[in-house]
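S.K.: below is the structure, and that's it, no one-letter string:
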């Protein structure tokens with residue numbers, strides 16, 4: 001028995017309506033993704049601090065890590081203090097040298113800086129900073145570098161050679177005591 005043409009048409013129309021209701025959402029998603037996709041940033045980098053560089057005038061915050069602030073001090077095992085934030089920036093600058101840096105953008109932060117994973121050749125500079133003990137894994141935003149931090153901590157390298165305040169705690173406004 002053949003179905004009536006109007007019944008077939010009604011069934012097809014019903015199926016198309018359910019499919020078409022999803023199309024605007026798919027189109028909006030693709031437009032949104034394309035608008036937020038950024039091309040890699042490549043060039044000579046200048047170091048702003050241990051977790052921020054600048055390439056072609058664009059500030060780039062290294063994804064998944066947090067380094068001591070430039071004015072932040074750490075304490076050595078003999079109780080002497082040292083400018084660990086400044087040393088973290090120097091370490092990153094020395095590691096980059098005059099090499100070309102390639103950054104793959106991930107996002108933007110609330111200050112408009114690009115959040116990216118940056119490379120010197122094939123070396124992940126974000127990972128190198130944490131593995132060398134000059135930064136910590138920024139667990140609030142990523143777990144990518146936790147294992148590297150744990151190894152640096154056990155090896156007591158960089159900031160782990162003594163004691164320090166976590167950078168995110170150091171940045172909090174200090175209460176009068």
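M.R.: Great, that's in hand. What you are looking at is a predicted structure, and each value in this text was computed from that prediction instead of being measured. Numbers count the residues shown, from 1 in each chain.
S.K.: packing partners for the strand ranked longest in the chain?
M.R.: Using DSSP state E to define each element, the chain has its longest strand at strand 100-108. If you count contacts as 3 or more CB pairs under 8 Å, 6 or more residues apart in numbering; DSSP states H and E, strand 100-108 packs onto strand 41-44, strand 52-55, strand 114-120. C-beta: built from backbone N, CA, C; applies to glycine.
S.K.: I'd like to know which elements the longest one is packed against.
M.R.: Helices and strands touching strand 114-120, as assessed by 3+ CB pairs under 8 Å, 6+ apart, comprise strand 58-62, strand 100-108, helix 125-131.
S.K.: ok, and what's touching that strand?
M.R.: With CB atoms under 8 Å, 6 or more residues apart in numbering as the test, strand 114-120 has contacts from 38, 41, 45, 53, 58-64, 95-96, 99-109, 124-126.
S.K.: ok, 7 Å please
M.R.: 38, 41, 53, 58, 60-63, 95-96, 99, 101-109, 124-126 (CB atoms under 7 Å, 6 or more residues apart in numbering).
S.K.: mind listing the strands for the protein?
M.R.: Using DSSP E, the strands of the chain run over 41-44, 46-49, 52-55, 58-62, 65-66, 74-75, 81-82, 100-108, 114-120, 123-124, 136-137.
S.K.: which of the ones you listed sits closest to residue 149?
M.R.: Of all the strands of the chain, it is strand 136-137 that lies closest to residue 149, at 4.3 Å by CB to CB.
S.K.: the closest one pairs with which strands, parallel or anti?
M.R.: Strand 136-137 has the following strand partners under DSSP bridges: strand 65-66 (antiparallel).
S.K.: hmm, who's touching the partner strand?
M.R.: Strand 65-66 is contacted from outside by 51, 126, 129, 130, 135, 136, 137, 138, 145, 167, 168, using CB under 7 Å, 6+ apart.
S.K.: any idea how far residue 133 is from the residue nearest to the spatial centre of the chain?
M.R.: Taking CA atoms, centre = their mean, the centroid of the chain lies closest to residue 63, which sits 1.2 Å from it. Going from residue 63 to residue 133 by CB to CB, to the nearest Å gives 18 Å.
S.K.: cool, residue 97 as well?
M.R.: Residue 97 sits 20 Å away from residue 133, going by CB to CB.
S.K.: the more surrounded of the two?
M.R.: Counted by other CB atoms under 10 Å, residue 97 and residue 133 do not tie: residue 133 has more neighbours, with 22 against 8.
S.K.: let me have the helices and strands packed on strand 100-108 in JSON lines, extended by mean pLDDT, mean neighbour count and distance to residue 81.
M.R.: Supplementary listing: the helices and strands packed on strand 100-108 in JSON lines, determined by pLDDT from 0 to 100; neighbours: other CB atoms under 10 Å; distance: least, CB to CB, whole Å:
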{"stretch": "strand 41-44", "mean pLDDT": "98", "mean neighbour count": "15", "distance to residue 81": "33"}
{"stretch": "strand 52-55", "mean pLDDT": "98", "mean neighbour count": "20", "distance to residue 81": "23"}
{"stretch": "strand 114-120", "mean pLDDT": "98", "mean neighbour count": "21", "distance to residue 81": "30"}
